[in-house]
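S.K.: make a model of this:
(4 chains)
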Number of protein chains: 2
Amino acid sequence: MSDVNSSQNNEPHSLKYLDLFTLIKNKIDAGEWAENATIPTERELAERYKTSRTTVRKAIEHLRQKGYLHSEHGRGTFVLPELSRRSQRQLHGFTDDILARNGVPRQQILEFGFVPANEMLRHALQLSGNRPVLRIKRLRFDNTTPMGIQTAWLPVDEAHAFTQEELLEAGSLYKLLAQKMGLELLEAYETIGARQPSAAEASLLELSVNDVILTCSRVTLSVNRKPMEYVEMIYPASRYAYEIKITKDSFSRK
Amino acid sequence: MSDVNSSQNNEPHSLKYLDLFTLIKNKIDAGEWAENATIPTERELAERYKTSRTTVRKAIEHLRQKGYLHSEHGRGTFVLPELSRRSQRQLHGFTDDILARNGVPRQQILEFGFVPANEMLRHALQLSGNRPVLRIKRLRFDNTTPMGIQTAWLPVDEAHAFTQEELLEAGSLYKLLAQKMGLELLEAYETIGARQPSAAEASLLELSVNDVILTCSRVTLSVNRKPMEYVEMIYPASRYAYEIKITKDSFSRK
DNA sequence: TAGTGGTCTAGACCACACC
DNA sequence: GTGTGGTCTAGACCACTAT
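M.R.: Predicted coordinates for the structure are as follows:
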């Protein structure tokens, strides 16, 4: 029972360092290893879970990157307070975002169809030819409160595109892209700004034209490192704020 | 000359994986190893630079995290296009930010003195007692263009505080904190929003009260993981935008 | 089948903190 | 000194990609 690999080989292949990572993470989440206290030494963990110190260090290294642990040379490895484990900006869509805030994500599709790509889109999506792109404009809600307007441009073939109905059924664009086209998020580049809404935007968002909106444009790359969407989003500043964790580049020489 | 450790021991101790990291990074930056091409195999690098494959993998792992390389199981390790290496949001202050944009950072100190800490500040700075905190309010410029107003609260002792003149001389608060108090940045938690400026803010920033400003509040932790400042910043949205790279949490199972 | 990156081992020595 | 984390080695085997 003390072997970290007790979950055996019903799975294709279990990775020891992943098992150990999960094991330690669970102990911390459950409070079994308290905040600011040390965890067992690397050598003790290696012995206890019948593995090598290298593997233990790999699991701990990833827990450090997730803000769970913090090692001090010569002193030990400490559990970080819960603050450090929160608000790291993850890569996900509106649906996950609202769900994480215990809200009810809804959407209304305002536009859905193919349009020619302008120069900016061709650059952002790294398009070479003159193929049209799929434009989807949606009004997003948390339950009945309008939370934003999102306009996405997708480099998909007209022949293999999904339908408006499929998008409504899936609820989330990213979910649909994963299911239908095997596209999974890898990373995104965002630019955040602010402005006042147009009359049309204010009306959709139930705002006054004197209110303030946050703007965000994003290029999202899929796991094959090809752009899978360019999207422009606007949010009422009174209902939405960005939370970011910024970490120091810990790998530059002095 | 092929030994990665040829820079020898005039330095306190050179780390092989850091040397190799820098060596590979330089080859990529110089274009010697071209975009989208493979780099030599791990085994070849290990032999060429007289080191172990483990050390090579550690250097490559960090280059992957910095967006320089991308490995595919069974195929090789590839140089990523320059896009992937840009706009990762780093942890630094206004001064570095402006310098990175080839601007000229300037500042005007509007307030400098000790004030009592309210409940929000005590929470953000994790203060227990009733000691006053140092409040510094500054108007920041890129050359002669007002770029923002920053109000920082620092948990420093009145007895050991620096002076207004020292701050002006250092030019950067973080530089001064590093020099005088040995405090170095580790990570920060930011919340970004937007609103309209007050009459006083608009005047300082040379805006109309109908313009829009980005707001950012930040708690910065130093390397000892204690809060070193709480700061509220406002920027004219017309002159400043946030750029962020968001990465997927690559370490969740399934 | 050959070659690649991914995982893992069982050690070694070093630098740092604490007593 | 003793014990900690940090670096490094010289292998081994596995999983995946290509031919």
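
S.K.: contacts only, for the residue in the stretch 151-254 of chain A positioned nearest to chain B.
M.R.: Relative to chain B, the nearest point of the stretch 151-254 of chain A is A:Ala194 (3.4 Å; C-beta to the nearest C-beta). Backbone N, C-alpha and C define where each C-beta goes, glycine included. Contacts for A:Ala194 (C-beta atoms under 8 Å, 6 or more residues apart in numbering or on different chains) come out as A:212-215, A:237, B:194, B:212-214, B:237.

S.K.: and the residues you listed as JSON lines, adding pLDDT, distance to A:Ser198 and secondary structure?
M.R.: JSON lines is the format used below for the contacts of A:Ala194 (pLDDT from 0 to 100; distance: C-beta to C-beta, whole Å; DSSP: H, G, I helix; E, B strand; the rest coil):
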{"residue": "A:Val212", "pLDDT": "96", "distance to A:Ser198": "13", "secondary structure": "coil"}
{"residue": "A:Ile213", "pLDDT": "96", "distance to A:Ser198": "10", "secondary structure": "strand"}
{"residue": "A:Leu214", "pLDDT": "95", "distance to A:Ser198": "15", "secondary structure": "strand"}
{"residue": "A:Thr215", "pLDDT": "95", "distance to A:Ser198": "12", "secondary structure": "strand"}
{"residue": "A:Ala237", "pLDDT": "95", "distance to A:Ser198": "15", "secondary structure": "coil"}
{"residue": "B:Ala194", "pLDDT": "96", "distance to A:Ser198": "16", "secondary structure": "strand"}
{"residue": "B:Val212", "pLDDT": "96", "distance to A:Ser198": "14", "secondary structure": "coil"}
{"residue": "B:Ile213", "pLDDT": "96", "distance to A:Ser198": "19", "secondary structure": "strand"}
{"residue": "B:Leu214", "pLDDT": "95", "distance to A:Ser198": "19", "secondary structure": "strand"}
{"residue": "B:Ala237", "pLDDT": "95", "distance to A:Ser198": "16", "secondary structure": "coil"}
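
S.K.: TSV for these, including distance to DNA strand C?
M.R.: Converted to TSV, the contacts of A:Ala194 look like this (distance: C-beta to the nearest atom of the strand, whole Å):
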residue	distance to DNA strand C
A:Val212	45
A:Ile213	42
A:Leu214	37
A:Thr215	37
A:Ala237	42
B:Ala194	41
B:Val212	45
B:Ile213	43
B:Leu214	39
B:Ala237	41
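
S.K.: that older thread, excluding covalently adjacent residues, which one is nearest to the residue of the stretch 151-254 of chain A closest to chain B?
M.R.: Among residues not flanking A:Ala194 along the chain, B:Ala194 sits closest, at 3.4 Å (C-beta to C-beta, 6 or more residues apart in numbering or on different chains).

S.K.: that neighbour pairs with what?
M.R.: B:Ala194 has these beta-bridge partners by DSSP bridges: B:Leu214.

S.K.: and it, how far from DNA strand D?
M.R.: 40 Å (C-beta to the nearest atom of the strand, to the nearest Å).

S.K.: neighbour-wise, which of the contacts of A:Ala194 leads?
M.R.: Neighbour tally across the contacts of A:Ala194 (other C-beta atoms under 10 Å in any protein chain shown): the maximum, 29 neighbours, falls on B:Ala194.

S.K.: distance check, that one against B:Val133.
M.R.: Noted for B:Ala194: a distance of 27 Å to B:Val133, by C-beta to C-beta, to the nearest Å.

S.K.: likewise for A:Ser128?
M.R.: Distance, A:Ser128 to B:Val133, using C-beta to C-beta: 56 Å.

S.K.: which of these two has more neighbours?
M.R.: More neighbours surround B:Val133 than the other of A:Ser128 and B:Val133, with 21 against 6 (other C-beta under 10 Å).

S.K.: okay but the more buried one is in contact with B:Arg122, surely?
M.R.: No: assessed by C-beta atoms under 8 Å, B:Val133 is found out of contact with B:Arg122, at 9.0 Å.

S.K.: can you report how many residues neighbour whichever residue of the stretch 51-200 of chain A sits closest to DNA strand C?
M.R.: Using C-beta to the nearest atom of the strand, the single residue of the stretch 51-200 of chain A nearest to DNA strand C is A:Gly74, 2.5 Å away. Using other C-beta under 10 Å, A:Gly74 has 5 neighbouring residues.

S.K.: show me the helices in the stretch 151-254 of chain A, by range?
M.R.: Under the criterion DSSP state H, counting those that start in this stretch, the stretch 151-254 of chain A contains helices at A:164-170, A:173-181, A:199-205.
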